[in-house]
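Asks: Predicted model and sequence follow; I will ask about them next.
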Amino acid sequence: MNMRADPEAMKTREEEDILLDVRNVSLAFGGVKAITDISLNVKQGEIRAIIGPNGAGKTSMLNVINGFYTPQEGTIIFRGKERRSMKPHEAVGQGIARTFQNVALFKGMSTLDNIMAGRSVMMKRNLLWQMLWRGPALQEEIEHREKVEEIIDFLEIQHIRRTPVGKLPYGLQKRVELGRALAMEPSLLLLDEPMAGMNLEEKEDMSRFIIDVNQQRGTTIALIEHDMGVVMDLSDRVVVLDYGKKIADGTPDEVKNNQDVIDAYLGVPH
Amino acid sequence: MFYRTAGQFKTSYEADHALFPVRQDAYLLGFILLLAFVVFPLTASEFAFRALLIPVLIYSLAALGLNILTGYAGQLSLGTGAFMGVGAYACYKLLTIFPEMNIVIAIAMSGFFSAAVGVLFGLPSLRIKGFYLAIATLAAQFFLVWLFQKWAWLYNYNASGAIQVPNIEMFGITVAGPRAEAITQYYFVLCFVCAMTFFAINITRGRIGRMWKAVRDMDIAAELVGINLMRAKLTAFFVSSYIVGVSGALFVFLWRGAAEANLFDIPLSFRVLFIAIIGGLGSILGNYLGAILIVALPVIIGSVPEAFGIPIGSATVEHLNVMLVGALIITFLIVEPHGLARFWAMIREKLILWPFPH
Amino acid sequence: MSNPSPAAQPAEPILEVNNIEVIYDHVILVLKGVSLTVPRGGITALLGANGAGKTTTLKAISNLLHAERGEVTKGNIVFDGDQVQNQSPNDLVRSGCIQVMEGRHCFGHLSVEDNLLTGAFTRRDGQSAIRQDLEMVYEYFPRLKVRRNSQAGYTSGGEQQMTAIGRALMSRPKMILLDEPSMGLAPQLVEEIFEIVRKLNEEQGVSFLLAEQNTNVALRYAKYGYILESGRIVLDGEASALRENEDVKEFYLGVGGEGRRSFRNVKHYKRRKRWLS
Amino acid sequence: QGDGIYVPNLSYRTGPFASTGTPLMNGQRDYITMLNERDGGLNGTKLVYDECETGYNTEKGVECYEKTKANAVVTQPWSTGITLQVLPKSNVDNIPILAPGYGFSAMADGKVFQWAYNPPSSYWDGAYMILQDISGGDLTTLNGKKIAFLHLDHPFGKEPLPLLEKLSAEHGFELVPIPVGLTEMQNQSAQWLQIRRERPDNVIMWGWGAMNAGAMTEAAKTKYPMDQFYGVWWSGHDGDLKLIGEQGKGYRSISWSVPNSESSLMQDIKKHVIDAGKSQINQGEGEFDSVFYQRGVMISLMLVEGIRAAQEEFDTQNPDAEQVRWGLENITLDEARLAELGAEGMLVPFSTSCADHTGHGGGWILEWDGSKFVKASDLLKADRDVIRPLEEEKAKEYAEANAPWPVNEECSM
Amino acid sequence: MDTLKGIFVDPFADMIAAPDFLLQVLWEGLVGGVLYALIALGFVLIFKSSRIFNFAQGIMVVFAALTLVGLHEKGVPALLALPLTLGVMFMLAVAIERAVLRPLVNQPDIILFMATIGITLFLIGLGEIIFGGENKVMITEQLGIPTGSFTLEPFGGFVSIEQKDLTAVIGAILLVGVLLLFLNKSKIGRAIRALGDDHQAALSVGISLSTIWVIVWFIAGVIALATGIVWGARAGVSFALEVIAYKALPVLMLGGLESVMGAIIGGLAIGILEKLFEIYWGQPLLGGNTEMWFAYVLALIVLLFRPQGLFGERIIERV
Ligand SMILES: Nc1ncnc2c1ncn2[C@@H]1O[C@H](COP(=O)(O)OP(=O)(O)OP(=O)(O)O)[C@@H](O)[C@H]1O
Ligand SMILES: Nc1ncnc2c1ncn2[C@@H]1O[C@H](COP(=O)(O)OP(=O)(O)OP(=O)(O)O)[C@@H](O)[C@H]1O
Ligand SMILES: CC(C)C[C@H](N)C(=O)O
Ligand SMILES: [Mg+2]
Ligand SMILES: [Mg+2]
């Protein structure tokens, strides 16, 4: 029951094809049903928000999409390929990158290294060259370093390049995490509550980055967020989950005024 | 003042990737190398070579190997001693089977044996984590030492069950065996250790090093970032065990001169672990600092009462020594859980700011 | 800008923080002289950007810094008439000051109910009273009742936040230090939690010190607010007054002259303004 | 060590081997103290006795060796493992090794092992003598018997194996080696279950430290007949047997020393050292009367005889290591000399020579009577014709493996 | 072919041929297992309450036993020495809490683990200075523990059972029962479990780390004393005992680091299986001494299937 998006709210896009199609997925942990028979899709180039009360299964949904959880039922079609699950690092290879609800950075490493780690899949030089730090290994390192520096510039985190991320304030950590995900050059970027714990100013910054990534790089984004202002402003379409079930799906305006959503999630109309 | 970094600008990423982005660090290293290659050999006594310098170098190398596994890749290992043993026995067998083989090659090759064994015992790390993984390494520890004892082929069926290093020459100079001079052995070990350190630095700061650290800091996230956990962990076991194996071969061939199986038992593993931890996990420099502390300290403590002519029984000295080492370990952990390397980093940071803090 | 204690503080203070300095790891100076007061029965908000030092302030109050290699090097803190420095964290809890830590910190391997019960560790008033409070917590957070037997480590973020707050309630505190209670919670729940805060405050006279990023909500519920930046208090005042302050409006509430700004139209230039730097 | 003759000892008074090590060290120490007190040293030169703690750990032992070797006239490794490791170095460092009753049995071959001494009997001698006692003197009667060899899994425990294997092949008895790992010394239930299953006619034990006590308790529990249970001289410690007391009655250990507290030597030690409060002995437990304490005394006695010989030969108060080496191969401790020293019957008489660094004095059987060890046989002597070829063969092998290895061809018998 | 027969046929034939011997093997294994389980219990308690992998448990056993025997040697009557030793263990717990745990609160696991190795070294040195290195005899009789043995005679053979072993088995069962009740039913028990998850959070809800730790380390000390008495009664008391700590590690892994039940079942399983393996496979086929590693390899194999051990807490993996 995919509602056709309101053409008015849609931006002009070259393609309208579906990048990711989740079909009838169910996931349970022992007795806990985290996701019950949910279908949803993400179109090429859009910003897709997933909202819902705590414990609704949003994070689980992302985990299913990038292969960390294997659903008991249903299939996922990504770029036309159908599957039930795959190894997370395969998902990365296919172009799915993500950030995490509870910052999952490599705490002992510097910002630069964290973002460089995002490029691990793309780096190939073997141990021997690494050992010598000459020729191809060095060259490869420098090539990727340039790419990473672009991201660092883009996210305006030059000043913390060498700081171990464990010491950074939370907001910056989230930003580094975004950087790491971007370093993977994903075609689908999954963001799990990127603005939780941020103040207004930082949320504005983060919004700007998300929009830029989406517009300049053409990256498709799936976004979980509890700040309704952000969700409503940024997203093209919103899907609402509640206790593992989908209760609404549509443009921000449609969702905002949906009574079920108000009851289950928003509390008061926003 | 000395550590003024201002005015040192990098104009390319290549320069930024140099071994020592801060020039003073390079000077410092030069100074240390000068000490190691010139000053010590000129001044040290035979006792100093055998009781201090050579063991410090070899233990640092072993700790470096362990540090790669535990400090960089986050896989706790309590089996270092046994892997050193694999290196030592491999080298022994290589040299008995091919007596003509150059000892440098034999030592370098023996590392591969322990690397292979390391990877084998590293396989469980794909499923088992943290302290539970320690069991896999302990299984290696106990099983291998048992094997060293029971498999007579390993020690050429010697009645005593020990391996004995014969006199080995290289370019006409005896480098190993009872006739070798301490100073020759020192240089031999020093060169090996320097080369291995250089390689280790390069590996740990590049792609592979990053993969390891990522796995250490958060393996789930590493996996979700596209790092193949299996590859990362097994390369860590490989590289680590290689270095440890080489250090084991050096340990026996260039220092101890002979070894029984139980030399590689758990106290050795713990000693190396101490060095790595007191020195600082995830640091290369730390291994050296740690080794200096753990190797030199007992020697010094042992000679203090003697120097002051205090009549203490040798057993009491030994007991006090053990107690002190225990207390020191605890003290160091409390003062700086991140090890001596962090200590140095702090000093260095202060020096950079000095004399104008904040 | 200095930080004069406002004359019009109602009631006698339950908590006084006097000009404290905090250093981590012997070198990192994080708080550079913070003073604040929480009146008995008041709700006071501590606002500020990331890394401003809110959490540090709260941990200094509940004496938890020690575990992070942090130290109060100057100033003092008085809770309910007693110097905090001389008390251990559990003394503090016993005398009624409890903290809900940022990032939840539930006991992952314990069930939700056991988590709640650990909150009653310092209590000496018997099983039945504790049971009663447990029911009260379940009333506040019905979701917890459903998940009572699940391992807390496997519950969702929101459920964990509820568990953490519920756990604090179980100690029957006089004062709760709430560190970012709204983080990661659904909007409805944020309102609910703040309603609970209000209720506890009004019905049971519990005092609150809230560290919050969500300035909007915080200033709606708090009576008084402090704004912290880079380890210093830069502004304080009645919540209502703060809400009207132009700078606060601009930087913390996101309402410029022409009403609420849209996140979509964020300008691509730095518009950071700091009171101090 | 400015004045005096420096005689270091690689001792162990700690760790799992301390229980057997300590009384021996005390004995060694007290004899030398006694000489210093009573006679003002050896021919007027003080003996400087010094211990370095090894914990019976080979690695530590080698460290101690390095640490003490500078001024030493002798090194006393106190462990077969350590002996084996310092053996190749002794040739380079030129320090004699004195390993009485332990070490590598082939060290008897003085042509090859110019710097090593293991008087008065070697492990191979010991093993042979035990078999003699078991067989009542005729080894051929062992045919068809089963003998378990319970040993510490350490160079020490493995040392007699080559000889035992050879003899088992020659005389047709079945040899069942049962190793005890260093970590299992105190819990030998698996080993003793094996013994119970195998039902050997005799058990021979090469045990040391905590292993002895462990074996005694298990033997009692398994109800293994004590009179079929033999031990090497290091497994005959009063303390170990006291653990099981009466139950140990009949246990025998071969020994080349016998305690005699009434001898004038021991009385001198009592007077000059113990009563003067200069001993570390633990008087409460009858340590003074024990086999091991008095054997310690005998060991120092042998050493001092060697030094004395060097003093006399080279006419010097302070012989150096090279000279002491000569002294050690010219010890003559016959009955007369022992009597002169006040140690009559306390040590098997023997003498060393350039070619014979052991002396092969033989040994007696000591039997535990429930409360102490008593001498239970005449002097036994191993059949040298059987052992010597093996010694020569192993010594040759050793020299080849450690080439270049100097061999002194000038020695003759 | 012969090897296969040696592996799959002969051992079982042996078992059937001498059932009394098999029983003896099982009994020995069981008694060994009880001892392993006791040491493992000490580990588990401390691990549960602090995530500290307490390597010093082995030396605590030695220390407790030596104190008991040492006091007795000094002329203190056995029944007075026992409470005095408990007092010493309590002081030890307090000292460790003050000097080591408190300053190291909230540090990574491995650091605390290292610190316990530091404690081990310290106690070894201290103990040897105070008590000396010799093997001492446990004062079994003086404590009123029945000594002597009796012999069962099944299948025409004999199984000899030491009374003190029997006492040990019964004592261990009681101890475990009490502990289980304590952990699951008492408030302190819950606090202990909470502490294991998050030190800071525990502090923040007013659980006093110091108190809990002293309690836990004291209980571990009591268990150590019990272990020391039992083990000392078999083989005497000396520092060589310390190595039994290594025996407890695989037990822990097999049973699960946090599980009291696991420690018991793991201990018994390992005790019995390693003995069976050594006697029927190890000695005939592998040259013996397989007890050195058997437990570890067994634990490793089990862990491959259950990474948290048989009864350990599930490892929470979430993002
Ligand atoms: N354990 C620590 N060691 C060193 N520095 C620390 C430590 N904890 C916090 N800091 C630093 O102290 C500063 C203040 O941190 P604090 O957590 O108090 O800020 P906050 O206002 O609570 O921020 P947030 O909104 O992100 O929670 C930050 O710059 C942080 O990096
Ligand atoms: N690995 C797991 N094991 C057991 N239960 C799980 C696991 N992961 C999630 N759950 C359960 O599934 C449900 C959905 O969790 P999920 O984390 O997806 O919620 P969410 O929508 O992201 O909530 P929030 O907004 O609070 O983050 C929760 O009840 C949670 O307890
Ligand atoms: C007295 C000791 C030297 C005996 C010892 N067990 C050895 O190694 O031979
Ligand atoms: Mg979530
Ligand atoms: Mg905070």
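Replies: That came through fine. Ligands and ions are numbered 1, 2, ... in the order given.
Asks: does the helix or strand harbouring C:A60 come close to ligand 5?
Replies: If you go by DSSP states H and E, C:A60 is part of helix C:54-61. Yes. Contact of helix C:54-61 with ligand 5 (C-beta under 5 Å from the ion) involves C:K54, C:T55. Any C-beta I mention is one placed from the backbone N, CA and C, and that applies to glycine too.
Asks: anything in that helix near ligand 1?
Replies: Yes. Contact of helix C:54-61 with ligand 1 (C-beta under 6 Å from any ligand atom) involves C:K54, C:T55, C:T56.
Asks: Could you check how many residues crowd around whichever residue of chain B sits closest to chain A?
Replies: In chain B, the residue that lies nearest chain A is B:G226 (3.0 Å; C-beta to the nearest C-beta). Burial of B:G226, expressed as a neighbour count using other C-beta atoms under 10 Å in any protein chain shown, amounts to 26.
Asks: how far away is it from chain C?
Replies: Here the distance between B:G226 and chain C works out to 25 Å (C-beta to the nearest C-beta, to the nearest Å).
Asks: Excluding chain neighbours, give the residue nearest to that residue in space.
Replies: With C-beta to C-beta, 6 or more residues apart in numbering or on different chains as the criterion, B:G226 has its nearest non-adjacent residue at 3.0 Å, and that residue is A:V92.
Asks: Might you report the residue contacts of the residue of chain B closest to chain A?
Replies: Shown in contact with B:G226 (C-beta atoms under 8 Å, 6 or more residues apart in numbering or on different chains): A:P88, A:H89, A:V92, A:G93, A:G118, A:S120, A:V121, A:M184.
Asks: that's a helix at E:Q142, yeah?
Replies: Yes. Counting by DSSP: H, G, I helix; E, B strand; the rest coil, E:Q142 is part of a helix.
Asks: how much space between it and D:G245?
Replies: Here E:Q142 is placed at a distance of 16 Å from D:G245 (C-beta to C-beta, to the nearest Å).
Asks: I'd guessed B:P41 sits against B:Q185; true?
Replies: No. B:P41 is not in contact with B:Q185 according to C-beta atoms under 8 Å; the separation is 11.3 Å.
Asks: Give me the neighbour count for C:D114.
Replies: Using other C-beta under 10 Å: C:D114 sits among 18 other residues.
Asks: distance of it from C:E159?
Replies: When distances are taken as C-beta to C-beta, C:D114 and C:E159 turn out to be 14 Å apart.
Asks: Same question for B:S247.
Replies: When C-beta to C-beta is the yardstick, B:S247 and C:E159 sit 50 Å from each other.
Asks: who has more neighbours, those two?
Replies: The residue with the greater number of neighbours, taking B:S247 and C:E159 and applying other C-beta under 10 Å, is B:S247; the counts read 32 against 23.
Asks: And that one, which helix or strand is it part of?
Replies: With DSSP H and E as the test, B:S247 turns up in helix B:229-250.
Asks: Can that helix be said to contact chain A?
Replies: Yes. Where contact is defined by C-beta under 8 Å from any C-beta of the partner chain, part of helix B:229-250 touches chain A, namely B:L229, B:T235, B:V239.
Asks: what comes up buried for that helix?
Replies: B:229, B:232-250 (16 or more other C-beta atoms under 10 Å in any protein chain shown).
Asks: likewise stretch D:59-69?
Replies: Of the residues in stretch D:59-69, those buried under the neighbour-count criterion (16+ other C-beta under 10 Å) are D:E59, D:K60, D:G61, D:V62, D:E63, D:C64, D:Y65, D:E66, D:K67, D:T68, D:K69.
Asks: Tell me the spacing between the second one and B:Y92.
Replies: Put plainly, it is D:K60. Here the distance between D:K60 and B:Y92 works out to 22 Å (C-beta to C-beta).
Asks: Could you do the first one as well?
Replies: In this structure, D:E59 and B:Y92 are separated by 17 Å, where distance is defined by C-beta to C-beta.
Asks: re earlier: any idea which of the residues of helix B:229-250 next to chain A is closest to E:E162?
Replies: Minimum distance to E:E162 across the residues of helix B:229-250 next to chain A is 50.1 Å, recorded for B:L229 (C-beta to C-beta).
Asks: quick one: contacts for the closest one?
Replies: Shown in contact with B:L229 (C-beta under 8 Å, 6+ apart): A:H89, B:L126, B:V215, B:D219, B:A222, B:E223.
Asks: Identify each of the strands in the stretch 151-300 of chain D and give its residue range.
Replies: Using DSSP state E, counting those that start in this stretch, the strands found in the stretch 151-300 of chain D span residues D:174-180, D:202-206, D:229-231, D:252-255.
Asks: same thing with chain A?
Replies: Taking DSSP state E, the strands of chain A run over residues A:18-29, A:32-43, A:47-51, A:73-78, A:81-83, A:96-98, A:188-192, A:220-224, A:237-242, A:245-250.
Asks: and the residue in chain C that chain E sits nearest to, what element?
Replies: In chain C, no residue comes nearer to chain E than C:V93, which is 2.7 Å away by C-beta to the nearest C-beta. Following DSSP H and E, the helix or strand that holds C:V93 is helix C:89-94.
Asks: repeat for C:Q188
Replies: With DSSP H and E as the criterion, the answer for C:Q188 is helix C:187-204.
Asks: what does whichever helix or strand comes after that helix rub up against?
Replies: Of the helices and strands lying after helix C:187-204 in sequence (DSSP H and E), the nearest is strand C:207-212. In this structure, residues lying in contact with strand C:207-212 by C-beta under 8 Å, 6+ apart are C:14-15, C:38-47, C:54-55, C:57-58, C:61, C:102, C:174-182, C:197, C:200-201, C:218, C:221-222.
Asks: so how many other residues sit close to E:I173?
Replies: Look at E:I173: counted by other C-beta under 10 Å, it has 13 neighbours.
Asks: Any stretches of the stretch 251-358 of chain B with poor pLDDT?
Replies: Low-confidence segments of the stretch 251-358 of chain B (pLDDT under 70): B:302, B:305-307, B:309-312, B:314, B:352-358.
Asks: so where do the strands sit in chain E?
Replies: If you assign secondary structure with DSSP E, the strands in chain E sit at E:149-152, E:159-162.
Asks: Dump those into CSV; add mean pLDDT, distance to D:F292 and mean neighbour count as well.
Replies: Output for the strands of chain E, formatted as CSV (pLDDT from 0 to 100; distance: least, C-beta to C-beta, whole Å; neighbours: other C-beta atoms under 10 Å in any protein chain shown):
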stretch, mean pLDDT, distance to D:F292, mean neighbour count
strand E:149-152, 78, 29, 12
strand E:159-162, 80, 28, 18
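Asks: Out of those strands, which gets nearest to A:Q44?
Replies: The minimum distance between A:Q44 and those falls on strand E:159-162, with 77.7 Å, by C-beta to C-beta.
Asks: Tell me which other helices or strands the closest one touches.
Replies: Here strand E:159-162 is seen to pack against helix D:210-222, helix E:19-50, strand E:149-152 when contacts are counted using 3 or more C-beta pairs under 8 Å, 6 or more residues apart in numbering or on different chains; DSSP states H and E.
Asks: Many thanks, I have nothing further to ask.
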